[in-house]
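> Okay, sequence plus prediction incoming.
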Amino acid sequence: MKKAILCILLVLTATALLLSACGSKETSPAATQQPASTEQPASETAPAEEETPGATDVPAVTEEPETPAPTEEPTPSPVPTADPSIAKGTNVALTAEIVDVSSTTGETHVQWGWSYEFINDGIRWDANAPASLGWTTNVGVNLDDPEQEEWMEFMLENYTLIDTVNVCPTISAACFPIDFHIEVSLDGQHYTTVASVAGCDRVTTGSDEPVVMTFEPVTARFVKFVATRLYDVPSGNDGILMQIGEIEIIAG
């Protein structure tokens, strides 16, 4: 009996050992080979280093050009209005002031009826004492230049609408100009020509009828008579003269 029990224990012990050995084989896998490490290119395995941007230069501050102050447009002066109380047809030269003349004679000629002041005295010409023949340029000065300009400037009493200037020869139209014109102005500085005559024949015909110069009505304060060609027949030592009996400025 003891032998039988001992045999059973031996068998059980052997069986246990065998089972233990089999379990170890199943649970302990063979060592696996590690795959050889494959080196990958740096460009693939390591990200490229990001370049740290250097400090950028701060752009210089550009100064905006100064905007010029707007130029103020000058306020245009109102155009003067002609005096409505002046009747059409009035000879306003009678009350006008003679501002200046290009040439005139001295006091010694007044006794003979020559003075620039006789140009707007209302007498076209009168040889009776006291004589009023009109205006003559200075004697013995212009000896050889028929194109020497001679002129007279009037300032009217008021701004006046005018449309006619009568230029009257003196006795027998002696030394009356050949070419002449009329200029008008509001301020005495800026003039505009409104009428002109070229090739006047008063000297050759001897007529003392006035030359009537008409034009579109215009408001004026200053009126200038300008001769640009004189009669080219000097009288002895007197030279080339211009003589006008009267100038009439007619309101339009």
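Cool, got the structure. Predicted model, so just to flag it, every value in this text is computed and none were measured.

> tell me which element F215 is part of?
Secondary-structure element containing F215, defined by DSSP states H and E: strand 211-229.

> Report the beta-bridge partners for T136.
T136 has these beta-bridge partners by DSSP bridges: Q243.

> what's the neighbour count on it?
Using other Cβ atoms under 10 Å, T136 is surrounded by 25 other residues. To be clear about C-beta, it is placed using only N, CA and C from the backbone, and glycine gets the same treatment.

> Repeat that for V226.
Per other Cβ under 10 Å, the neighbour tally for V226 reads 19.

> so who does L94 touch?
Remark: with contacts taken as Cβ atoms under 8 Å, 6 or more residues apart in numbering, L94 is in contact with N120, D121, G122.

> Can I get the buried part of those as one ChimeraX selection?
The ChimeraX selection below is limited to those of the contacts of L94 classed as buried (16 or more other Cβ atoms under 10 Å):
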select :120
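
> Now flag whichever of the contacts of L94 is closest to L156.
Here the nearest of those to L156, counting by Cβ to Cβ, is N120; it sits at 10.8 Å.

> distance of that closest one from E157?
Using Cβ to Cβ, to the nearest Å, one obtains 12 Å as the distance from N120 to E157.

> what's the answer for G106, then?
As it turns out, when the distance is counted by Cβ to Cβ, G106 lies 28 Å from E157.

> still on that earlier bit, in a markdown table: the contacts of L94, plus pLDDT, secondary structure and distance to I244.
Formatted as a markdown table, the entries for the contacts of L94 read as follows, by pLDDT from 0 to 100; DSSP: H, G, I helix; E, B strand; the rest coil; distance: Cβ to Cβ, whole Å:
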| residue | pLDDT | secondary structure | distance to I244 |
| --- | --- | --- | --- |
| N120 | 97 | helix | 10 |
| D121 | 97 | coil | 12 |
| G122 | 97 | coil | 14 |
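
> Format the contacts of L94 as CSV; extra columns: distance to N166.
Rendered in CSV, the data for those read as follows (distance: Cβ to Cβ, whole Å):
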residue, distance to N166
N120, 11
D121, 14
G122, 12
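
> where does the stretch 1-150 of the chain have low pLDDT?
1-65, 76 (pLDDT under 70).

> Quick one: the strands in it, in order.
Shown for the stretch 1-150 of the chain, the strands assigned by DSSP state E, counting those that start in this stretch span residues 97-101, 135-136, 150-168.

> same for the second one, what does it pack against?
Secondary structure elements in contact with strand 135-136, counted by 3 or more Cβ pairs under 8 Å, 6 or more residues apart in numbering; DSSP states H and E, are strand 243-244.

> ok, back up a step: how about the strand holding F215: buried residues?
Those would be 211, 213, 215, 218-229, for strand 211-229 by 16+ other Cβ under 10 Å.
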